[in-house]
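>>> Pasting a predicted model and its sequence here:
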Amino acid sequence: FRGLRHDPRSGVSPAAVTAWERSNGVGLPNDLVGFLEFTDGLFVKWKAMSLSTEIIVGSIAINGLDEMKQMGDAPTESIDGVPIRCVAFSVERNFKVGDVALVFLLDQSASPLGSEVWFRDLSGGWHFLARDFSSYYRLVLVHLGILGWQAGFTPAGLAVTTQQWMRLYCPERLMLDNSTALRARILEARILEARIGARVGALLSGQRRRDTRPQKSTLPV
């Protein structure tokens, strides 16, 4: 590793999180809130030598709270064949690779059913990455932030340059990401898991609403 750069940041206050949630109409997941209260975003990049020249190989970037803006589009999702509305907020933007977003699934009343992390490639295609922020953050770390690692979760697969750096620095992860059949099964399983989770969340939310309704008294009058 060469040219390691890290920009330390202070955490945000609970009041700032509450203000963001009120402004955007969605509640941030607890794991992301905990991260932001520790550090308001993260930016780390590192370089390696290539033909006597230092080039950027890895970048770990998480937007700060004020940088988490709503994006102009979002993935298309459905539960039991019924389309549901989604809204996406920027987690990382890289003009050479694509965008990572926190995607909220909304019910018919526009109430959030849950959130997931997705990747939007340079062609505008959306691809599921992780069921929650913590899982996504672990993925970033095991890939060492090597530029373009997210493409391992798309049908196109990893670029040749990305594969070369991963072969050098995280070969075991490359074996997993490069298995086309395994990658397809992982993608299918993760999308199914997310849909089931959202469905269960919607059912539980409906049950909670029913449970909070006043009950008729059974006492004699």
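Arrived safely, thanks for sending.
>>> need the longest strand for this protein.
Longest strand in the chain, counting residues (DSSP state E): strand 82-94.
>>> For that one, list every residue counted as buried.
Applying a neighbour-count criterion of 16 or more other Cβ atoms under 10 Å, the buried positions in strand 82-94 are Ile84, Cys86, Val87, Ala88, Phe89, Ser90, Val91, Glu92, Arg93. In short, each C-beta sits where N, CA and C put it, glycine included.
>>> ok, now stretch 140-154?
By neighbour count on 16+ other Cβ under 10 Å, the buried set for stretch 140-154 is 140, 143-154.
>>> Go ahead and flag the most central residue of the chain.
Nearest to the geometric centre of the chain sits Val117, at 2.2 Å (Cα atoms, centre = their mean).
>>> just for the chain, where's the confidence low?
1-6, 77-83, 109-110, 180-221 (pLDDT under 70).
>>> swap the cut-off to 50 and go again
Along the chain, segments meeting pLDDT under 50 span 181, 212-221.
>>> Strands of that one, residue ranges please.
2-6, 42-50, 53-62, 77-79, 82-94, 98-106, 112-121, 126-130.
>>> Mind checking those strands for the one nearest to Asn24?
Nearest to Asn24 among the strands of the chain is strand 82-94; the distance by Cβ to Cβ comes to 7.2 Å.
>>> Could you tell me which other helices and strands that closest one packs against?
Using 3 or more Cβ pairs under 8 Å, 6 or more residues apart in numbering; DSSP states H and E as the contact test, the elements touching strand 82-94 are strand 53-62, strand 77-79, strand 98-106, strand 112-121.
>>> can you give me how far that strand is from the chain middle?
Counting by Cα atoms, centre = their mean, to the nearest Å, strand 82-94 is centred 9 Å from the centre of its parent chain.
>>> related to what we said a few turns ago, which residues touch the residue nearest to the centre of the chain?
Contacts here follow Cβ atoms under 8 Å, 6 or more residues apart in numbering; on that basis Val117 touches Val91, Val100, Ala101, Leu102, Val103, Leu129, Ala130, Arg131, Asp132, Phe133, Ser135, Tyr136.
>>> Surely the second one is in contact with Gln150?
Yep, that's Val100 we're talking about. Yes - the pair Val100 and Gln150 passes the contact test of Cβ atoms under 8 Å, sitting 6.9 Å apart.
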